[in-house]
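**Student:** Next one to model:
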Amino acid sequence: MAYQNIAASLSPEDIQQIKAALQTIQKKLPFLITLSTEERRKLFKMGDKSLAFVNNSLTAAQSNPDILPASFNLQEFVRDYQLAATLTELLISLHQLSEQVDDTLLAVGSEAMSSSLTVYEYVKTAAKKTPGLKSLAEQLGERFKAIRNKPVKPVSDA
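**Tutor:** Numbering: from 1, shown residues only. Okay, here's the model as predicted:
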């Protein structure tokens, strides 16, 4: 569906229910962790191709358990694979939802910004003739002050 002007709102009850649903998701996944950048860098990454490799390795291990050392925990391998597959499926759904929220936020934020710019232009125009609006126009204009005061970098001939 093509993007159209968004005319929606969320009631306080809806917001509370959404937050409660997110908390429920977190409670259902109590084993989730947070890795540091360094920890993430050091770990093997399992993408689509690796998922197939792990699946094939698991099949090989289950079909030939006698080739594995006694210290190899096949059941833990099964649990890790099953959890990885399930989390991959959930992550796809969460990414889709996140992208939709992000796109909607971008669109509705743009709509709000566009309306704000229109209001600002009217306030600036009205401030020239209407007492009391000059300070409001200046306050609204603060948003653009940093942009106007940025020094222009000279172009080097190097």
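
**Student:** Would you mind finding the longest helix in the protein?
**Tutor:** If you go by DSSP state H, the chain has its longest helix at helix 74-127.

**Student:** Could you name the helices and strands sitting against that one?
**Tutor:** helix 48-63, helix 134-148 (3 or more C-beta pairs under 8 Å, 6 or more residues apart in numbering; DSSP states H and E). All C-beta atoms are positioned from the backbone trio N, CA, C, and that covers glycine.

**Student:** what do you get if the cut-off is 10 Å, keeping everything else the same?
**Tutor:** Secondary-structure packing of helix 74-127 (3 or more C-beta pairs under 10 Å, 6 or more residues apart in numbering; DSSP states H and E): helix 12-28, helix 48-63, helix 134-148.

**Student:** how about the CA coordinates for the longest one, as CSV?
**Tutor:** Below are the C-alpha coordinates for helix 12-28, written out as CSV (Å, rounded to 0.1, in the frame of the first residue of the first chain):
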residue,chain,number,x,y,z
PRO,A,12,-3.6,5.7,27.0
GLU,A,13,-5.2,2.2,27.5
ASP,A,14,-3.7,1.1,24.1
ILE,A,15,-0.3,2.4,25.1
GLN,A,16,-0.4,0.5,28.4
GLN,A,17,-1.5,-2.7,26.7
ILE,A,18,1.3,-2.4,24.2
LYS,A,19,3.8,-1.8,26.9
ALA,A,20,2.4,-4.8,28.9
ALA,A,21,2.7,-7.0,25.8
LEU,A,22,6.3,-6.0,25.3
GLN,A,23,6.9,-6.8,29.0
THR,A,24,5.3,-10.1,28.5
ILE,A,25,7.6,-10.9,25.6
GLN,A,26,10.6,-10.0,27.8
LYS,A,27,9.3,-12.2,30.6
LYS,A,28,8.9,-15.1,28.2
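
**Student:** residue contacts, residue 79?
**Tutor:** Neighbouring residues of residue 79 by C-beta atoms under 10 Å, 6 or more residues apart in numbering: residue 73.
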